[in-house]
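# Have a look at this prediction, sequence included:
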Amino acid sequence: MSLRSQPLSFRIYSGAVLGVLGLGFLLAFVYLYASEIRPHQIQGHGLIQGVARTYYGDRTTTRLENVLKGSMADTVNPDELKAFKVWIKNGAQKEGFDKVAPIVTNNCASCHGEGGTLPKLVAYDDIAPLARYDTGVALKSLARMSHVHLLGIPMLFFMLGYFFVKTRWREGLKAALVALPFLAVVWDIAHWWITKRYESAALGIILGGAMMGLGFAFQWFLSVADLLMALPKPPPEG
Ligand code: HEC
């Protein structure tokens, strides 16, 4: 069995599908680099840390704390800073806001009042969004991303595998490689959810992605090679 020995129409069919899939795969790499890898590089994060930030977030600090320790540091004294920290630590709830509301009115409103050009910081609703820990991608987005990937990616591997199992290579190799990306996509998406809860699972996402990429690359190259390479000559009869 091989793609090479199929009728012309089937060879054209497989060549066309493999060509477009290969192009899509290359562009997926470009996109992955531009959207996931490069931005984290710019922020000085490693790959694992960057992936963890996406799914788990950065739960060590909030925008408000950063600003109060940074550019707005001279607008609060240590006690006021502490009051902000306690409020943030308790979840930046509306109930406890009365503890920091006077500070906001006295220390911030002069510049961040109504109608100015600076971000308005007067009421609870103005401040609260700045006082949330970054907990990574929202659950709703995670659910959306999960179902799109779980339904979409196996379709690609279904197409690729359809040709790959018809190649001349060893049955054991084909059996292992054809299953790999399907396992990898489930593994990968499971680790998105685990990482949402446990930061340390980010490595699992990278491994899952790598398995998927390798599974694709091997099947693609072996299929294209099978399509292009001449068949071995049958042994002479007699
Ligand atoms: C003397 C005027 C002044 C006071 C008082 C002041 N700010 Fe600001 N604030 C600024 C200016 C100017 C900017 C924009 C420039 C910047 O980001 O440094 C700013 C920006 C900010 C930002 C947006 C920064 C960002 O990068 O997102 C936040 C948040 C903020 N201030 C919070 C506060 C809080 C909280 C207080 C009170 C504890 C406060 N500010 C008091 C002048 C002030």
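Arrived safely.
# Please count neighbours and contacts with C-alpha atoms only from this point.
Fine.
# contacting residues for the residue of the chain found nearest the ligand?
Across the chain, the shortest distance to the ligand (C-alpha to the nearest ligand atom) belongs to residue 108, at 3.4 Å. Contacts for residue 108 (C-alpha atoms under 8 Å, 6 or more residues apart in numbering) come out as 75, 121, 122.
# residues contacting the last one?
Applying C-alpha under 8 Å, 6+ apart to residue 122 gives the contacts 104, 105, 108, 109, 112, 113, 114.
# Go again with 6 Å.
Taking C-alpha atoms under 6 Å, 6 or more residues apart in numbering, we find residue 122 in contact with no residue.
# before we move on, what about the one 5 residues further on?
Residue 127 sits next to residue 121 when contact means C-alpha under 6 Å, 6+ apart.
# secondary structure element for it?
Using DSSP states H and E, residue 127 sits in helix 124-127.
# buried set for the next helix or strand after that helix?
Using DSSP H and E, the helix or strand that follows helix 124-127 in sequence is helix 139-164. For helix 139-164, burial by neighbour count (16 or more other C-alpha atoms under 10 Å) applies to 142, 146, 149, 150, 154, 157, 160, 161, 163, 164.
# Could you point out which of the residues you listed is nearest to residue 194?
Comparing these against residue 194 with C-alpha to C-alpha places residue 142 closest, at 11.3 Å.
# Can you check the pLDDT for that closest one?
With respect to pLDDT, residue 142 scores 96.
# Helix or strand, whichever it is, which one in this protein has the lowest mean pLDDT?
helix 38-42 (a mean of 84; mean pLDDT, DSSP states H and E).
# Which elements pack onto it?
The contact analysis (3 or more C-alpha pairs under 6 Å, 6 or more residues apart in numbering; DSSP states H and E) places helix 38-42 against no helix or strand.
# which residues of this structure score low on pLDDT?
238 (pLDDT under 70).
# so what are the domain limits for it?
Following automatic domain parsing, one finds the domains of the chain at 8-56+136-228, 63-131.
# Close to the ligand: what parts of the chain are there?
64, 67, 71, 72, 75, 76, 104, 107, 108, 110, 111 (C-alpha under 6 Å from any ligand atom).
# ok, and the most crowded of the residues you listed?
For these, counting by other C-alpha atoms under 10 Å, the largest number of neighbours falls to residue 104: 24 neighbours.
# now the nearest residue to it once chain neighbours are set aside: how far from residue 107?
Excluding the flanking residues, the one nearest residue 104 by C-alpha to C-alpha, 6 or more residues apart in numbering is residue 122, at 6.7 Å. Going from residue 122 to residue 107 by C-alpha to C-alpha, to the nearest Å gives 11 Å.
# Quick one: neighbours of residue 59, just the number.
Look at residue 59: counted by other C-alpha under 10 Å, it has 12 neighbours.
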